[in-house]
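Chemist: 3D, please:
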Amino acid sequence: MLMAVGPICKGRPDVPNNLNHVHMSLPHTYRFLSQTMPTIRSSSPVRSQPGLRPDVILVDVAMPTLNGLDAGRQVKKILPATKLLYLSMKNDPEIVAEAFRLGASGYMLKTCTSSQLVVAVPTILRGTTYMSPMLPRERIEYLRRQDASSSNDATRLTEREREVLQLLAEGKCMKQVGAVLNVTTRTVAFHKYRMMDRLGVRSTADLVRFAVENHRAAA
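Modeler: Residues are numbered from 1 along each chain as shown. Below you'll find the model as predicted:
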């Protein structure tokens, strides 16, 4: 089963046709389940359907509330055998390397052609990683070999802290963050100040800067 999660069609009206092309090129044993709603959050499609066991999930890096990298991390905890293929407008080697450190099987730019998608999906199904040809592979491989523990401090944050961090970085106040996550403002404040203490920062502006530098929010 091939699943698409996140706003992967944003800015690319041809993506649905490309995905259909990919589906048609796969063996008949695979079916395509589209989950391209822009408001989809984290691993909710998998959690809401316990019997769902997609072989490949296409994930947009730029997802709301919880970015695609963290969403993929959650999915891999639930479905470790599922392959993750990320699509993004960003070709930042550090983002690509982090995606692979978090369990990605492939990373493609949204400028890819349908023929590249047709190659990518069967490639990762065979257990081989795939990267768009335009990506700086040598730099990415170098970053992948680095010790993950020294990659960035974001890996020390909890799942909830990363959600709060991204929402704060998107400009939401603590009350709005609480409404999105269905928690109290007091709980949001607890996570916020614990992050500040853990990361050694003194203000919300510092937290936002950290989020941008560590790819938890768009610059």
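
Chemist: how near is Leu102 to Glu141?
Modeler: Remark: distance between Leu102 and Glu141 (CB to CB, to the nearest Å) = 16 Å. (Glycine included, C-beta is placed from N, CA and C.)

Chemist: which of those two has more neighbours?
Modeler: The residue with more neighbours, out of Leu102 and Glu141, is Leu102; 17 against 13, by other CB atoms under 10 Å.

Chemist: any idea which element the closest residue to that one other than its chain neighbours lies in?
Modeler: With sequence-adjacent residues excluded and distances taken as CB to CB, 6 or more residues apart in numbering, Leu102 is closest to Arg73, at 5.0 Å. Arg73 belongs to helix 68-78 when elements are defined using DSSP states H and E.

Chemist: how about the strands of this structure, start to end?
Modeler: Taking DSSP state E to define them, one finds strands in the chain at 2-5, 32-35, 56-60, 83-88, 106-109, 130-131.

Chemist: mean pLDDT for those strands: which is lowest?
Modeler: Lowest mean pLDDT of these: strand 32-35, a mean of 51.

Chemist: any idea how far the residue nearest to Asp206 when sequence neighbours are not counted lies from Ala189?
Modeler: Among residues not flanking Asp206 along the chain, Met196 sits closest, at 7.4 Å (CB to CB, 6+ apart). Distance from Met196 to Ala189, counting by CB to CB: 10 Å.
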